[in-house]
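Trainee: need the 3D shape of this:
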Amino acid sequence: MSFFAQLAPTVSKGLEHARAEVIGRWNPNRRHDDPEEIEQDTVRTQINDSHRFQSFAGERGNNDVKWHIDGHDYTWALSEMLENAKEAIFILDWWLTPELYLRRPPAHFPEWRLDRILKRKAEQGVKVHVIVYKEVTQTMAMSSKHTKNTLDRLHSNISCMRHPDHIGAKDSVEFWSHHEKVVVVDNHFAAIGGLDLCFGRWDTNTHPLADVHPTDFSRTLFPGQDYNNARVQDFKDVYNYSSNTLSILDTARMPWHDVHMTLVGPVVLDIVQHFVERWNEVKKRKYRDDAYEPPVIFKEPQLTVLSYHRNFPWLSLPHDVEAAPNEAVARHPHLEKWREMGHKYHQRWHSGRGDTARYGNDDEGYPQPRPGSCKVQVVRSVSDWSHGVLTEHSIQNAYIQLIKDAKHFIYIDGDQVKNLIAGAIADRLIRAYEERTKFKVVVFIPEVPGFAGDVKSEGSLKTIMAAQYRTINRGGASIYEKLREKGIEPLDYIRFYHLRSYDRINAPMSPPQPALISEMEARSGVTFHEAQVALAREWIGPNLGEREQKEVTLAIPQPTTEALTVSDKTPEKTKTVPIPESAEKARAVVDRFEAGAARGDEDVADTVSQHMLKDKTSLLDEKWLGSSQEELNAYVSELLYIHSKLMIVDDDKVIVSDLFFNFLQSLVDTWQMGSANINDRSQKGDGDSEICLVVEDNDKIESYMDGRHYQAGRFAATLRRKLFREHLGLIPPQMPKDGHPRVTSFMRPAPHANDDETRDENDALVADPLADQTLALLQRTATDNRNIFTELFRPVPTNLVRDWNAYDNYVPKVKPGHVVPGIELKRIKTRLSGVRGAIVECPLDFLIDEKEFVTGPEWKGLNPTLPIYI
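Mentor: Prediction:
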């Protein structure tokens, strides 16, 4: 075949993509311009206008909702939900890692890996429908292609869509993403919040930074690429999931704080409506004419994949409008069309003749929620690109209205803040001052954005941090500046905090190798990295077929002459090792290495982060069997990344979301939870797609507000108190070590209720969010912890750095997160033993003398990429 004949198909495909791109840009309103489409948009607008916050969904009572703090509890609850599925599983996610372990340690729960659960359920006849965000591959490393290929080859009952396309399509999307994190089981159980089902999210309340277990590899909690520190380097080649180019021997992982919900109740129907609308819209654009085809071979780097073209069905809305004719969905423009052509799964919230005739009364295993519990409303950010509808920004509407209506107190836990929400907060605080009422806002945001790089040289980090400070206290229109214009001292009304942790890695560096590990290598004839690779064989599974990873690449510790992050100045050294052919051979390698220990290691803790919490012992009690210098080198610190997206108002209402929470440019009895960040990307509707729940619990508990008796919502108050206690170190450690954990109520999905901890003496310390004692406890602990971490590790940001010259002099030239030179081991242990919880004060004066940091050209409209970050 000639060169031109080979080139022809490529040219033809390129022209087709170019044509589609031109059509899309020429008429971006093409789905909303003919009479039928205009009529459909009018109906949707009427439905939205009839609901609070102009949401597509109204408020629903009689729901059972429970919260889960951090990944350990949520993923265990999710594993129960998925295992109980009988008919259908819906998953909507920004990033989904098929190889994610939902129960840990992985060595004790191999069958609870996500792909294995989904395969098991598909083999039982459960249909699994998945939609994942199709990333911009040039800037993101999560490989949705690997996700789709892996899920597609598991079973024909599993179908996975990717959306959107980014170039060469009518609906090209350059910047925005699908950011929802939703799971629905059998149209009856749902999960929604901030946790993606992907690497780097699972964590315990203890938030360990270390995961080296020289003499017992079965205790590993973070296998392969799940041991990650996004501040040091991003994920690489995630399809090689057992590899890791981040050294576990000398680099701390970045711990992850998050909040998610599980729920049962009629509001699940609204979450399903959101999923069905998205599924059918993506099918219409990308899979309209799909048909089942034989499997084909698809090549990934180092992998050969057997890929199936799925027959993606149209889905019907589950609502039974005959039984509930007053439902807003009865007017849905596509209700009848989708009912005729789509597959309808059983639902049990409308008990009318429609579903009863079709399915009978098979309701065993589908409990009804406790009566009169939670009133819940679904709100979202969607638009034409993401959902095929006119822009809806009911999340932003909800945040602003809840802030305006707040009477006493607002708590925000999120990863960024900006936009109209910041203005709403400022207005509410000014009103409190003018009315002479006591009102407080407490905000927790990440110390540094979760991107690799140095704050001074990495543009995205600098931009996001500058945006946060422009929202807080500088730049001309910040919250603090608006308050001071009115003669108000901001610190009397609003405080910002971060989270930070420490640990000790049980692999002390004694150049060129950790002493204990080098001894074990010499005695066993097996290197530590060979033992790691053999362990990876167990993670991969019993059958090392042609579709699986054949080798593992691991990082070799190297000295560095810079601080904070690995860059091109730090030589990267990796080692690639073949994976043993059988599980038996792999187990023999691990056993041989572990047997090489000349001494027992049981008395040396593999993590010491538990001493930040209410542990029964102290850091000063911890033993170390090596030299003092080895132990000193083993201490590390890292920011505790806050990824949760929630707001609690008056201990009564909550909004929980999956939103990008660009807090600071937007902040300004209710909780709001979900995936949405408090920034323009997620709030304005035509950016990232998001979904949230606004929750108000009718189950009231006796509480206090500013020293007075107060009726608080159980859901909101108990969640806020537990978060305060975790941040202050007033909860016991959570340390999974084997296959026989104590399954607590917090690890069970709804409708299993969380244990009542309101009588706990530590709960009483934080029960009143307006009490001077509570606020003083927060501030005192945050200040003390900040001083300790600053002395020992010199993290940024800090009030000691007011300009870039001071920054250069302040940052230590040590391995990322390690102790600064010149401090004795005794001083380190004594000071760290005084850390309580992870709360640290937000340094408001960081780079405050660098005026261009927040007023440079990019803030005057000269940076076209600015909206991507904020």
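
Trainee: please make it C-alpha for all contacts and neighbour counts, starting now.
Mentor: Will do.

Trainee: any idea which element residue 654 lies in?
Mentor: strand 646-660 (DSSP states H and E).

Trainee: what mean pLDDT does that strand have?
Mentor: Averaged across strand 646-660, pLDDT comes to 88.

Trainee: and that strand, how far out from the chain middle?
Mentor: Averaging C-alpha positions (Cα atoms, centre = their mean, to the nearest Å) puts strand 646-660 15 Å from its chain's average.

Trainee: same check, this time on stretch 229-240
Mentor: The answer for stretch 229-240 is 15 Å, by Cα atoms, centre = their mean.

Trainee: give me the residues contacting it.
Mentor: 141-143, 146, 200, 225, 228, 244-246, 252-254, 450-453, 549, 552, 564-566, 816 (Cα atoms under 8 Å, 6 or more residues apart in numbering).

Trainee: now do residue 519, the pLDDT please.
Mentor: Looking at residue 519, its pLDDT reads 86.

Trainee: helix/strand/coil for it?
Mentor: helix (DSSP: H, G, I helix; E, B strand; the rest coil).

Trainee: and it, how far from residue 214?
Mentor: Between residue 519 and residue 214 the distance is 11 Å, computed by Cα to Cα, to the nearest Å.

Trainee: between those two, who's got more neighbours?
Mentor: A direct count of neighbours by other Cα atoms under 10 Å for residue 519 and residue 214 places residue 214 higher, at 21 against 16.

Trainee: so the more buried one belongs to a strand, correct?
Mentor: No: assessed with three-state DSSP, residue 214 is coil; it does not lie in a strand.

Trainee: that one against residue 594, yeah?
Mentor: Yes: using Cα atoms under 8 Å, residue 214 is in contact with residue 594, at 6.9 Å.

Trainee: in a strand, residue 191, correct?
Mentor: Yes: according to three-state DSSP, residue 191 belongs to a strand.

Trainee: test my guess that it contacts residue 262.
Mentor: Yes: using Cα under 8 Å, residue 191 is in contact with residue 262, at 4.3 Å.

Trainee: now do the SS call for the spatially most central residue of the chain.
Mentor: For the chain, residue 195 is the residue whose C-alpha lies nearest the centre (Cα atoms, centre = their mean; 3.7 Å). Put simply, residue 195 is coil when judged by three-state DSSP.

Trainee: check residue 130 too.
Mentor: Residue 130 - assigned by three-state DSSP - is strand.

Trainee: next, the contact list for it, please.
Mentor: By Cα under 8 Å, 6+ apart, the contact set of residue 130 is 90-92, 158-161.

Trainee: now do residue 220
Mentor: Counting by Cα under 8 Å, 6+ apart, residue 220 has contacts 105-107, 211-213.

Trainee: hmm, back to that, which of the contacts of residue 130 sit farthest apart?
Mentor: Longest distance between any two of the contacts of residue 130 is 13.6 Å, between 92 and 158; criterion Cα to Cα.

Trainee: can you give me the pLDDT of residue 820?
Mentor: You'll see residue 820 listed with a pLDDT of 96.

Trainee: before we move on, back to that, reformat the contacts of residue 130 as TSV; add neighbour count, secondary structure and pLDDT.
Mentor: Formatted as TSV, the contacts of residue 130 follow (neighbours: other Cα atoms under 10 Å; DSSP: H, G, I helix; E, B strand; the rest coil; pLDDT from 0 to 100):
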residue	neighbour count	secondary structure	pLDDT
90	20	strand	98
91	21	strand	98
92	27	strand	98
158	23	strand	96
159	22	strand	96
160	21	strand	96
161	24	strand	96
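
Trainee: dump stretch 601-618 to CSV, keeping only the CA atoms.
Mentor: Output of stretch 601-618 as CSV, limited to C-alpha atoms (Å, rounded to 0.1, in the frame of the first residue of the first chain):
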residue,chain,number,x,y,z
ASP,A,601,10.5,-5.0,64.5
GLU,A,602,7.3,-5.4,66.5
ASP,A,603,8.3,-2.7,69.0
VAL,A,604,8.8,-0.1,66.4
ALA,A,605,5.7,1.7,65.2
ASP,A,606,5.2,1.9,61.4
THR,A,607,3.3,5.2,62.0
VAL,A,608,3.2,7.6,64.9
SER,A,609,0.5,10.0,63.6
GLN,A,610,-1.9,8.5,66.1
HIS,A,611,-0.4,10.7,68.8
MET,A,612,-2.0,13.7,67.3
LEU,A,613,-5.3,12.2,68.4
LYS,A,614,-6.6,10.9,71.7
ASP,A,615,-4.2,8.0,71.9
LYS,A,616,-3.5,6.1,75.1
THR,A,617,0.3,6.6,74.7
SER,A,618,2.6,9.5,73.8
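
Trainee: and the contacts of that stretch?
Mentor: 206-215, 501-506, 619, 622-625, 726, 728-734, 833, 835-838.

Trainee: for it, which positions count as buried?
Mentor: 601, 605-615, 618 (16 or more other Cα atoms under 10 Å).

Trainee: including distance to residue 743, could those residues go into CSV?
Mentor: Output for the buried residues of stretch 601-618, formatted as CSV (distance: Cα to Cα, whole Å):
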residue, distance to residue 743
601, 28
605, 23
606, 23
607, 22
608, 23
609, 21
610, 19
611, 22
612, 23
613, 20
614, 19
615, 19
618, 26
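
Trainee: single out whichever of those has the smallest pLDDT.
Mentor: Minimum pLDDT across those is recorded for residue 601, with 77.

Trainee: doesn't that residue belong to a strand?
Mentor: No: with three-state DSSP as the criterion, residue 601 is coil rather than part of a strand.

Trainee: that one and residue 623: what is the separation?
Mentor: In terms of Cα to Cα, residue 601 sits 10 Å off from residue 623.

Trainee: pretty sure residue 753 is in a helix, no?
Mentor: No: checked against three-state DSSP, residue 753 lies outside a helix; its state is coil.

Trainee: residue contacts, it?
Mentor: Counting by Cα under 8 Å, 6+ apart, residue 753 has contacts 66, 745-746.

Trainee: what is the least confident helix or strand in the chain?
Mentor: Sorted by mean pLDDT, DSSP states H and E, the helices and strands of the chain end with strand 662-665, the least confident at a mean of 40.

Trainee: list the buried residues for the strand holding residue 654?
Mentor: In strand 646-660, counting by 16+ other Cα under 10 Å, buried: 646-660.

Trainee: between it and strand 189-193, how big is the angle?
Mentor: 90 degrees (axes from the mean of the first three to the mean of the last three Cα atoms, to 10 degrees).

Trainee: can you show me the CA trace of strand 646-660 as PDB?
Mentor: Listed next in PDB are the C-alpha coordinates belonging to strand 646-660 (Å, rounded to 0.1, in the frame of the first residue of the first chain):
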ATOM      1  CA  LEU A 646     -19.600  21.400  52.700                       C
ATOM      2  CA  MET A 647     -21.100  24.200  54.600                       C
ATOM      3  CA  ILE A 648     -22.900  24.000  58.000                       C
ATOM      4  CA  VAL A 649     -25.200  26.800  59.000                       C
ATOM      5  CA  ASP A 650     -26.500  27.300  62.600                       C
ATOM      6  CA  ASP A 651     -25.900  23.600  63.400                       C
ATOM      7  CA  ASP A 652     -29.200  23.000  61.600                       C
ATOM      8  CA  LYS A 653     -28.800  22.900  57.800                       C
ATOM      9  CA  VAL A 654     -26.000  21.500  55.600                       C
ATOM     10  CA  ILE A 655     -25.000  21.700  52.000                       C
ATOM     11  CA  VAL A 656     -22.700  18.800  50.900                       C
ATOM     12  CA  SER A 657     -21.300  18.800  47.400                       C
ATOM     13  CA  ASP A 658     -18.800  17.500  44.900                       C
ATOM     14  CA  LEU A 659     -18.000  21.100  44.000                       C
ATOM     15  CA  PHE A 660     -14.600  22.600  43.300                       C
END
